[in-house]
Each structure stands twice: as C-alpha cells, then as structure tokens.
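A.B. asks: Show me the folded form of this:
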Amino acid sequence: MYQVENPMDKAMGAKQQSSATYGKMQQKIDKPGPSVGGAAMSGLSGMGTMAAIGGTKMGAAALGAIGLGGTVGLGVGALVGIGSYLFS
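C.D. replies: Sure, this is the predicted structure:
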C-alpha cells in the first residue's frame, strides 16, 4: 500500500555522514613544527627552574654536590628545556 519512511534509517544515515565529515576534518589538521621562539621560551623556563631549585638551601646543596653551581646550573637548565621542547 503506502510506503512509510523509517525515521531510524534517516537518523543512521545522517550519523554516518557526520562521522565521515568529522573524520575528514581531523585529517586536515597539521601540527606546527618547532620554532625558535618556542625553543627560547623552553630554555628560559629551564633556567628559571634551575634558579628556583638552586635558590633553596637543599637545592643549592644538591646542585653543588653534583657540580652544577651558578651559571653552569642555569646553562644545564636551558639545555634541558630546549632539548625537551625539540624532542617532544
């Protein structure tokens, strides 16, 4: 007699179409590569971390015990920060 459209089929078709559209959108997102500014910010962050650790009595003693006092500690902090940025 009369053909009645099934609303469930219509809903499932719309769901599949939206899923395919979302999948295509995800493929077009490119991650930016490392930048000089990002490396500089990470280096400064590492230096700040080492300065904060060295500013405490226990941290200064620990850094002194492993031979990372003063500017050497800051340099190591900068290298660790830059390295973690570039290799992450």
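
A.B. asks: Look up how far Leu86 lies from Met58.
C.D. replies: 30 Å (C-beta to C-beta, to the nearest Å). Just so you know, the C-beta spots here come from the backbone N, C-alpha and C atoms, and that holds for glycine as well.

A.B. asks: More neighbours: which of those two?
C.D. replies: A count of neighbours by other C-beta atoms under 10 Å puts Leu86 above the other of Met58 and Leu86, at 12 against 8.

A.B. asks: Quick one: list the elements packing against the lowest-mean-pLDDT helix or strand in the chain.
C.D. replies: Least confident element among the helices and strands of the chain, by mean pLDDT, DSSP states H and E: helix 57-65 (a mean of 74). Applying 3 or more C-beta pairs under 8 Å, 6 or more residues apart in numbering; DSSP states H and E, one finds that helix 57-65 contacts helix 36-54.

A.B. asks: and with 10 Å instead?
C.D. replies: helix 36-54, helix 70-86 (3 or more C-beta pairs under 10 Å, 6 or more residues apart in numbering; DSSP states H and E).
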